[in-house]
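*Asks:* Sequence first, then the predicted structure, then my questions.
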Amino acid sequence: MRGSTPPPWRYRDSTVALGGHYEGRTMAWQSRFPLRPSPSFVGYYVGMCFAASEKQLYSPSQAPDTWRLFLLLAVTLPSVACTLIYYWSWDRWACHPLARTLALYALPQSGWWAVASSVNTEFRRIDKFATGAPGARVIVTDTWVMKVTTYRVHVAQQQDVHLTVTESQQHELSPDSNLPVQLLTIHVASTSPAVQAFDIRLNSTEYGELCEKLRAPIRSAANVVIRQSLGDLFLETFASLVEVNPTYSVPSSQVRAGRGGWGPTGQAPSGWFASRQDPQRPDTWLASRVPCPTCRARFCILDVCAVR
């Protein structure tokens, strides 16, 4: 029966707890967003009726075309929003986009609220995987893969999804340290055509933890290289910095047969350099100095040059 269930953002019993906060907040934002600018538009128009009386804004039929269009938008916007909210509220809010998505996973004798309760129960567990900024959270429970944004919640069941790493982006510096960070984009596609696919993003250092929580394997595109540890990122950064350092040309008189070096990109010094770092202080790795394994003189990354 219509109206017997309160709007989801008012549903606050023990079965929805933290998960209900995300679902209710998303529904509330979707419903209220079209209404937010309307009072400002109407108030501005009323104010201009007094501030610019010569434009005769108090009589829309005599007002300039631009102002009539402005007034029409100020009135139409909340009307459309109210109509949409009224439509969503039918059949215990079953017409809302989030409710429709959850209803796809409901049993024949249950509704979308039963699925929401199941999601919320798993959401409250401490063993869930959660990452991302508040406006784009990625949450993986034992059964569900979710992406929670300000205006929408994407939900897919683990047993029905295919996950593929489609892209990796390298950023020079992380906000939390002076080391570079690799961000992975994972495409989540359900086997059900009714469930819309979505993308999630996370740090490559969290990739291993995500794989442990998922039941299905994650495929990778052919051109995507995943670096799951700070050590891998440091070695790559070390080699790239050595490449931009000035090269050193060895005089022919100093070249000896069978005398190997460290290679053109500093593979050996990068490993030695990384092994001498404090694992608890990754923010100091690039700026530190370590002793040379041969002469014991201390050197930094700027002292390592490729030999030509």
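*Replies:* Now that the structure is in, tell me what you want to look at.
*Asks:* what are the C-alpha coordinates of stretch 52-68, in CSV please?
*Replies:* The C-alpha trace of stretch 52-68 is given here as CSV (Å, rounded to 0.1, in the frame of the first residue of the first chain):
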residue,chain,number,x,y,z
ALA,A,52,14.2,47.4,-11.1
SER,A,53,10.6,48.6,-11.0
GLU,A,54,11.0,50.2,-14.5
LYS,A,55,11.2,46.6,-16.0
GLN,A,56,7.7,45.9,-14.7
LEU,A,57,8.7,42.5,-13.5
TYR,A,58,5.7,42.4,-11.2
SER,A,59,3.6,41.8,-14.3
PRO,A,60,5.2,38.8,-16.2
SER,A,61,3.2,39.6,-19.3
GLN,A,62,4.9,43.0,-19.5
ALA,A,63,8.4,41.9,-18.4
PRO,A,64,11.2,41.4,-20.9
ASP,A,65,11.5,38.0,-22.5
THR,A,66,14.7,37.1,-20.6
TRP,A,67,13.0,37.7,-17.2
ARG,A,68,9.9,35.8,-18.3
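*Asks:* Could you tell me the average pLDDT over it, please?
*Replies:* Mean pLDDT, stretch 52-68: 78.
*Asks:* Just give the nearest non-adjacent residue to Y58, would you?
*Replies:* Leaving out its chain neighbours, the residue that sits closest to Y58 by CB to CB, 6 or more residues apart in numbering is C49, at 4.7 Å. For glycine as for every other residue, the C-beta is placed from the backbone atoms N, C-alpha and C.
*Asks:* Could you say which helix or strand holds the one you found?
*Replies:* helix 37-51 (DSSP states H and E).
*Asks:* Let me see the ranges of the helices in the chain.
*Replies:* For the chain, the helices defined by DSSP state H occupy 17-32, 37-51, 65-88, 90-93, 97-103, 112-123, 207-213, 230-244, 267-275.
*Asks:* CSV for those, including mean neighbour count and distance to V148?
*Replies:* CSV is the format used below for these (neighbours: other CB atoms under 10 Å; distance: least, CB to CB, whole Å):
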stretch, mean neighbour count, distance to V148
helix 17-32, 18, 5
helix 37-51, 14, 25
helix 65-88, 14, 19
helix 90-93, 16, 18
helix 97-103, 19, 11
helix 112-123, 20, 10
helix 207-213, 15, 16
helix 230-244, 17, 27
helix 267-275, 17, 37
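*Asks:* rewinding a little: the helix holding C49 versus helix 65-88: what angle between them?
*Replies:* Angle, helix 37-51 to helix 65-88, by axes from the mean of the first three to the mean of the last three CA atoms, to 10 degrees: 150 degrees.
*Asks:* which residues touch helix 37-51?
*Replies:* K55, L57, Y58, W67, F70, L71, L73, A74, V75, L77, P78, A81 (CB atoms under 8 Å, 6 or more residues apart in numbering).
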